[in-house]
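Undergrad: The sequence isn't on hand, but the structure is:
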Ligand SMILES: O=c1ccn([C@@H]2O[C@H](COP(=O)(O)O)[C@@H](O)[C@H]2O)c(=O)[nH]1
């Protein structure tokens, strides 16, 4: 997995991760076949819960990189067990919520190594969700009752991930510049909540355009519905790559 400095030598296509947010394996395969240009796919909760792990093998057979976005958030023992199992799939990226806490993050780091070793594959890069991109300052203050400003909160979650040995964080493009400055160039920063100027915001609340997100310091962009729900997903993908 490339660090921020190495990311400069990657093509823009390699830095875009497209989520397979569909309910069936057949729909996921259809998307992968429709968009052969996409090299990095994200498997998230919808597809994994509905269809299981077979899609991971299918993507690997096609030499695709895989972001397994299961966002673990549980007590340390459960997080460790789930991370150990997930690391055995040989995926590139795996997520855990930073709010699971210091102990859960620490045991996840060890469990990822154990799981990969047992399966004789490379361990995934473990990245922590700092704060979901569907939440804004109002949600944080009034619903979650977090009494600090949102950028500071996202930074503290990223720093907790860094201190406990994780490889990076998921953050919104609006915080990525600050996280890059504080966490340094070797800390992976993956940004969902990315929206071209011509697409809908959907449920994303802290978004930026792809070009601005990369300029601000993101290693990878996660761009889903602007591509996958477009009337012509291939044209949408090409338009985004051209704009970058
Ligand atoms: O904070 C987060 C963490 C993960 N996601 C995931 O990224 C994609 C975004 O899809 P879009 O269609 O581009 O909105 C989706 O799979 C989320 O589960 C996120 O959006 N925010």
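TA: Structure's in. What do you need? This structure is a prediction, so every number in the text was calculated from the model and none was measured. Numbers count the residues shown, from 1 in each chain.
Undergrad: Going by C-alpha atoms from here, please, whenever you check contacts or count neighbours.
TA: Will do.
Undergrad: Which SSE is immediately downstream of the longest helix that the chain contains?
TA: Counting residues, the longest helix found in the chain (DSSP state H) is helix 102-118. For helix 102-118, the succeeding helix or strand toward the C-terminus, using DSSP states H and E, is strand 125-129.
Undergrad: tilt between that following strand and helix 102-118?
TA: Here the directions of strand 125-129 and helix 102-118 differ by 150 degrees (axes from the mean of the first three to the mean of the last three Cα atoms, to 10 degrees).
Undergrad: Tell me which other helices or strands strand 125-129 touches.
TA: If you count contacts as 3 or more Cα pairs under 8 Å, 6 or more residues apart in numbering; DSSP states H and E, strand 125-129 packs onto strand 93-97, helix 150-163, strand 168-170.
Undergrad: same thing but 10 Å
TA: strand 65-72, helix 76-87, strand 93-97, helix 102-118, helix 150-163, strand 168-170, strand 188-191 (3 or more Cα pairs under 10 Å, 6 or more residues apart in numbering; DSSP states H and E).
Undergrad: Sheet-wise, list the partners of the last one with their directions.
TA: I take that to be strand 188-191. Take DSSP bridges as the rule and strand 188-191 pairs in its sheet with strand 168-170 (parallel), strand 220-222 (parallel).
Undergrad: related to what we said a few turns ago, can I get the helices and strands packed on strand 125-129 in CSV including mean neighbour count?
TA: Formatted as CSV, the helices and strands packed on strand 125-129 follow (neighbours: other Cα atoms under 10 Å):
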stretch, mean neighbour count
strand 65-72, 22
helix 76-87, 21
strand 93-97, 24
helix 102-118, 20
helix 150-163, 20
strand 168-170, 29
strand 188-191, 28
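Undergrad: how about a markdown table for these, with distance to residue 208 and mean pLDDT added?
TA: Shown next, in a markdown table, are the helices and strands packed on strand 125-129 (distance: least, Cα to Cα, whole Å; pLDDT from 0 to 100):
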| stretch | distance to residue 208 | mean pLDDT |
| --- | --- | --- |
| strand 65-72 | 21 | 98 |
| helix 76-87 | 31 | 98 |
| strand 93-97 | 22 | 98 |
| helix 102-118 | 28 | 98 |
| helix 150-163 | 15 | 98 |
| strand 168-170 | 14 | 98 |
| strand 188-191 | 10 | 98 |
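Undergrad: wait, which of the ones you listed is closest to residue 28?
TA: Closest approach to residue 28 among these (Cα to Cα): strand 65-72, 13.1 Å.
Undergrad: Format the strands paired with strand 188-191 as a markdown table; extra columns: distance to the ligand.
TA: Shown next, in a markdown table, are the strands paired with strand 188-191 (distance: least, Cα to the nearest ligand atom, whole Å):
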| stretch | distance to the ligand |
| --- | --- |
| strand 168-170 | 6 |
| strand 220-222 | 6 |
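Undergrad: who wins for proximity to residue 204 among these?
TA: Here strand 220-222 is closest among the strands paired with strand 188-191 (Cα to Cα), at 12.0 Å.
Undergrad: State the next helix or strand along the chain beyond the helix or strand bottoming out on mean pLDDT in the chain.
TA: Here the helix or strand of the chain ranked lowest by mean pLDDT, DSSP states H and E is helix 4-7, holding a mean of 61. Next helix or strand after helix 4-7 toward the C-terminus (DSSP H and E): strand 16-19.
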